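Chemist: mind looking at a prediction? Sequence and model below.
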Amino acid sequence: MCPLIEVQDLHYRYEDGTPALTGVDFLLKPGESVALLGPNGSGKTTFALHLNGLLRGEGRIRICGLTLEKQSLPAIRRKIGMVFQDSDSQLFMPTVLEDVTFGLLNLGMDSSSALAKARATLEAVGMSAAEDRAPYHLSAGEKKRVALAGVLAMEPEILVLDEPTTYLDPPAHRALAELLVQLHQSKILITHDSHLAAVICNRAVFFERGQVAGEGSVDSMVARFGWDLTWERSKSRS
């Protein structure tokens, strides 16, 4: 079975020359959900931003059988949907419905079909009642669901979620986790929350200093590296 994502020997340096990724290899198989764990600055988000060409380093990347290069970027970006940590970076239209419809219209879908699909997707994430509201009036949890709806409407094969429960209170955290478990797409979850990772993912990859330091089950990675990730996140915010 061909992998959905295949990354070989990926290197990347920041503009000041500081190495961010130093030879990362990674596979995502169909049906898998993989957590990217590790401390801040270890390269997790930098790695993820390479998967749809937002950053370009040295190495080989294939997404759903397509080699990532300039000519293949439009097709690759339809196959891999990214939900960023800050939902405000993805929500910019006057209303929720317009936000979810935006990408569909850009793909050339006619207005009536785009609206119908956007409404169906909002219903799927539990946000139908908010379609006429301004995104900036929503709670953090509601914004996250609308941002996710905008991505899901495009029918990607892979979801990449960067700290999806940041700023969420416990009920919103639980509700989003339950929603993510139900989605059929293969997922890459960037998180400091080992409990969330264990609920959603069947494998974990631990990043350290721009490299993959280990991989296995979520529990085995937490035990191996001797770090309670959820506690560490809470401590860093105190």
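Modeler: Looks like it came in fine. Numbers count the residues shown, from 1 in each chain.
Chemist: and what about the residue nearest to Phe225 when sequence neighbours are not counted, helix, strand or coil?
Modeler: Among residues not flanking Phe225 along the chain, Phe206 sits closest, at 5.9 Å (Cβ to Cβ, 6 or more residues apart in numbering). Glycine gets a C-beta too; all of them are placed from N, C-alpha and C. Using DSSP: H, G, I helix; E, B strand; the rest coil, the structure places Phe206 in strand.
Chemist: for the protein, which segments are assigned as strands?
Modeler: For the chain, the strands defined by DSSP state E cover 5-13, 19-28, 33-37, 58-63, 66-67, 80-83, 158-162, 186-190, 203-208, 211-216.
Chemist: with distance to Leu105, mean neighbour count and mean pLDDT as extra columns, can I get those in CSV?
Modeler: Output for the strands of the chain, formatted as CSV (distance: least, Cβ to Cβ, whole Å; neighbours: other Cβ atoms under 10 Å; pLDDT from 0 to 100):
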stretch, distance to Leu105, mean neighbour count, mean pLDDT
strand 5-13, 28, 18, 97
strand 19-28, 29, 18, 96
strand 33-37, 30, 26, 96
strand 58-63, 24, 17, 96
strand 66-67, 24, 13, 96
strand 80-83, 17, 23, 94
strand 158-162, 21, 24, 96
strand 186-190, 26, 24, 97
strand 203-208, 36, 22, 95
strand 211-216, 39, 17, 95
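Chemist: among these, which is nearest Ala197?
Modeler: In terms of Cβ to Cβ, the element of those nearest to Ala197 is strand 33-37, at 3.7 Å.
Chemist: what's the closest one packed up against?
Modeler: helix 44-50, strand 186-190, helix 194-200, strand 203-208, helix 218-225 (3 or more Cβ pairs under 8 Å, 6 or more residues apart in numbering; DSSP states H and E).
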